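Trainee: please find the sequence and the predicted model below.
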Amino acid sequence: MEPINHNVVGALGGSHAGPGAAQGAPGEGFKELLTRHLDEVNQLQFEADRALRDLVTGQTDNLHGVIVAMTEADLSFRLMMQVRNKLLEAYNEIMRMQV
């Protein structure tokens, strides 16, 4: 069984993440960090789609691998949506501040 990759969780956690968390490249800005992780989520979606297509067309019979790929893509997408929601909440909170 392949472990689920938690790079997205660790990198977005920043300095509050645990000692084994992935860190961004030195000098990497917030925009680049988000873009990189969105690309990773997109890649996981493509891999899950490819695995499912291979299963349906008979090119593979590894049902477990397909389920793992689909679950990993689903969890990554859900995490991305939660990060998006938190960013929107923070933005709206800043916009409501009285100056």
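Mentor: Good, I have the coordinates.

Trainee: and stretch 68-75, C-alpha only, in CSV?
Mentor: C-alpha atoms of stretch 68-75 as CSV (Å, rounded to 0.1, in the frame of the first residue of the first chain):
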residue,chain,number,x,y,z
VAL,A,68,-5.7,4.8,-4.1
ALA,A,69,-5.0,7.3,-6.9
MET,A,70,-8.6,8.5,-6.9
THR,A,71,-8.7,8.8,-3.1
GLU,A,72,-5.4,10.8,-3.1
ALA,A,73,-6.7,13.1,-5.8
ASP,A,74,-10.0,13.6,-3.9
LEU,A,75,-8.3,14.4,-0.6
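
Trainee: need the pLDDT of His16.
Mentor: For His16, the pLDDT comes out at 43.

Trainee: offset the numbering so it begins at 53, please.
Mentor: Yep, numbering from 53; the last one is His68 now.

Trainee: how many neighbours does Ser128 have?
Mentor: Residues near Ser128, counting by other C-beta atoms under 10 Å, number 24. For every residue, glycine as well, the C-beta is placed using N, CA and C.

Trainee: torsion angles phi and psi at it?
Mentor: The phi and psi torsions at Ser128 (degrees, to the nearest 10) take the values phi -60, psi -40.

Trainee: can you tell me which residues contact the most centrally placed residue in the chain?
Mentor: In the chain, the C-alpha nearest the mean C-alpha coordinate belongs to Ser128, at 3.8 Å (C-alpha atoms, centre = their mean). By C-beta atoms under 8 Å, 6 or more residues apart in numbering, Ser128 lies in contact with Val60, Glu92, Val93, Leu96, Gln97.

Trainee: now for the helix or strand hosting Glu92, which elements pack on it?
Mentor: Applying DSSP states H and E as the criterion places Glu92 in helix 82-109. Contacting helix 82-109 under the criterion 3 or more C-beta pairs under 8 Å, 6 or more residues apart in numbering; DSSP states H and E are the following elements: helix 59-64, helix 115-148.

Trainee: picking up where we left off before, gap between the residue nearest to the centre of the chain and Asn94?
Mentor: For Ser128, the distance to Asn94 (C-beta to C-beta, to the nearest Å) stands at 9 Å.

Trainee: over to Ala103?
Mentor: Counting by C-beta to C-beta - Ala103 and Asn94 are separated by 15 Å.
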